[in-house]
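In: For reference, the sequence and a predicted model appear below.
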Amino acid sequence: MSELHKPTFNVAAFLTSAGLGRRIVQLAPRQAFFSQGDVADSVFYLQKGRARVTVVSPAGKEATITLVTAGEFVGEGALAAVFGLRLSTATAITACMAMKIGREEMIRVMHEEHDFSDMFLKFLLERSMRVQADLVDQLFNSSEKRLARILLLMSEFGKPAGHPSGESQAAGNGGEQAQYLPRISQETLAEMIGTTRSRVSFFMNRFRKLGFIEYSGRIRVHKSLLNVVLHDHLPGDEAQQPEIEGLGD
């Protein structure tokens with residue numbers, strides 16, 4: 001009888017309101033949610049902001065594994081059967097607000113609340129597919145195409161309308177959509193795609209010349225940038241172009 005009167009579990013309230021085993025944390029840009037080698041004792045649900053997940057090799061080389069945006073989890077490896085250490089580092093790209101959920105509380109809710117476990121499973125499948133796509137991108141695509149893909153992911157083309165972190169604006173040319181990126185340096189973009197800052201500067205200028213992006217204080221990405229991802233070659237002079245003035249570190 002008690003099961004019949006069990007109150008409906010509110011997934012949104014669980015992920016936005018502090019309670020037993022969970023609390024809200026705020027991070028400044030470049031601040032870490034956790035670092036590689038830390039004890040894996042919690043999972044984070046990103047409420048606001050952008051973050052990235054990276055790993056560092058024994059030789060000190062850093063690689064970006066995936067990007068995280070509002071409405072996604074990070075640190076889900078803490079739920080592995082064997083309680084262990086973090087295998088990666090999660091760092092805020094912009095100012096972030098997140099719900100930090102203890103490992104035990106996360107496991108309890110997954111076991112007891114089917115609505116939550118269904119939602120979390122869907123997230124895990126989507127994350128797995130995206131990480132596979134990221135790996136293919138890193139292995140087979142040029143640094144120019146990797147940069148285009150990162151810009152599109154960060155501008156969140158393909159997110160559902162009304163996504164909490166989306167910030168879009170009609171471009172004015174036939175209603176083509178354009179979206180703004182969070183403030184990010186060329187150096188950070190270079191780290192994320194595994195190339196040099198000078199190459200990023202060259203590609204950004206080429207994208208701007210071709211009308212795929214605009215820059216006046218913030219980078220504005222047009223959906224037409226998909227052309228870079230969909231085609232192997234683009235028109236343009238291969239000579240080094242001057243850096244975008246003001247797109248600093």
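Out: Yep, it's here.
In: Quick one: end-to-end length of stretch 64-79, please.
Out: 21 Å (C-alpha to C-alpha, to the nearest Å).
In: Surely residue 25 forms part of a strand?
Out: Yes - the assignment for residue 25 is a strand, going by DSSP: H, G, I helix; E, B strand; the rest coil.
In: and the residue lying closest to it once chain neighbours are set aside, bridged to which residues?
Out: Closest residue to residue 25 apart from its sequence neighbours, by C-beta to C-beta, 6 or more residues apart in numbering: residue 100 at 5.0 Å. In short, each C-beta sits where N, CA and C put it, glycine included. Assessed by DSSP bridges, residue 100 has beta-bridge partners residue 23, residue 44.
In: Now do the same contact list for residue 100.
Out: Counting by C-beta atoms under 8 Å, 6 or more residues apart in numbering, residue 100 touches 22-25, 42-44.
In: Could you do residue 131 as well?
Out: Residue 131 neighbours (C-beta under 8 Å, 6+ apart): 65-66.
In: Could you name the specific helix or strand carrying it?
Out: helix 114-140 (DSSP states H and E).
In: ditto for residue 12
Out: Short version, using DSSP H and E: residue 12 is in helix 11-16.
In: mind giving me the domain split of this protein?
Out: Here the domain parsing of the chain from automatic domain parsing is 11-137, 142-230.
In: Strands of the protein, start to end?
Out: 22-27, 32-34, 42-48, 50-56, 62-69, 73-74, 89-92, 96-102, 168-170, 177-180, 213-215, 219-222 (DSSP state E).
In: now for the last one, which elements pack on it?
Out: What it means is strand 219-222. Packed against strand 219-222 by the contact rule (3 or more C-beta pairs under 8 Å, 6 or more residues apart in numbering; DSSP states H and E) you find helix 143-155, strand 177-180, strand 213-215.
In: That one: partners in the sheet, and parallel or antiparallel?
Out: strand 177-180 (antiparallel), strand 213-215 (antiparallel).
In: and the gap between the residue nearest to residue 25 and residue 137?
Out: 30 Å (C-beta to C-beta, to the nearest Å).
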